[in-house]
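>>> Sequence and predicted structure below; questions after.
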Amino acid sequence: MKSRLILLSDLWGKTKADWIQYYHELLDPVFDLQYYDCCELGGIDITNLKEETIHSRFVEDGITMAVERLLELEKGKVNILAFSIGGTIAWKAGLEGLKIEHLQAISSTRLRYETSKPNCSIKLRYGSKDPFIPGQEWFEKMELAYEIIQDGDHLIYTGREFARKVCSETDHP
């Protein structure tokens, strides 16, 4: 039986997500995959919205709504691979009782505001050129495994080669 792996989108959800296919193609043979659009989970209609507005809606109440919805949808043990805002949603869902075995979050910069962590295995990845990476003190205080990708920006996860690297390192059952 395959382990369950949840893919949580970035702030654009399905709208700008051609890149998610790289992950799906590589992980589907190994895992029971479930993809969630974080905009749908958070009740955010992004039609004709600018990035700043979408971000504000997530911060206002979209993250909270997405966490509640994810907790309703997922009752068993899961592994999560999350991108940007998806990592924050997964993290907070873990703190609220989602049974996460392993959480891998990429470019989840809002985590820098967190002061406690979910009880699971965690790996974080950030591009070195992302201006909102948590500081070294935060990583040390939280005692987290992380990787900084040289010359990578916030959208490092959208590249095919990066996806291959991540998928090859994603724990298999």
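Nice, thanks for sending it over. Note that the structure is a prediction, hence the values are computed from the model and not measured.
>>> got a list of what residue 134 touches?
Taking C-beta atoms under 8 Å, 6 or more residues apart in numbering as the criterion, residue 134 is in contact with 109, 111, 112, 124, 126. C-beta coordinates here come from the backbone N, C-alpha and C atoms, glycine included.
>>> Out of those, which comes closest to residue 1?
Proximity of those to residue 1 (C-beta to C-beta) peaks at residue 124, which lies at 28.3 Å.
>>> which residue is nearest the middle of the protein?
residue 82 (1.9 Å; C-alpha atoms, centre = their mean).
>>> could you pull out the helices for the chain?
Ranges of helices in the chain, per DSSP state H, are 20-27, 38-41, 51-57, 63-73, 85-95, 136-142, 160-169.
>>> Quick check: which of these is buried the most?
Across these, the average number of neighbours (mean count of other C-beta atoms under 10 Å) peaks for helix 85-95, which reaches a mean of 26.
>>> count of residues packed around the closest residue to residue 2 other than its chain neighbours?
Excluding its sequence neighbours, the residue lying closest to residue 2 (C-beta to C-beta, 6 or more residues apart in numbering) is residue 32, at 4.3 Å. Residue 32 has 15 neighbouring residues, counting by other C-beta atoms under 10 Å.
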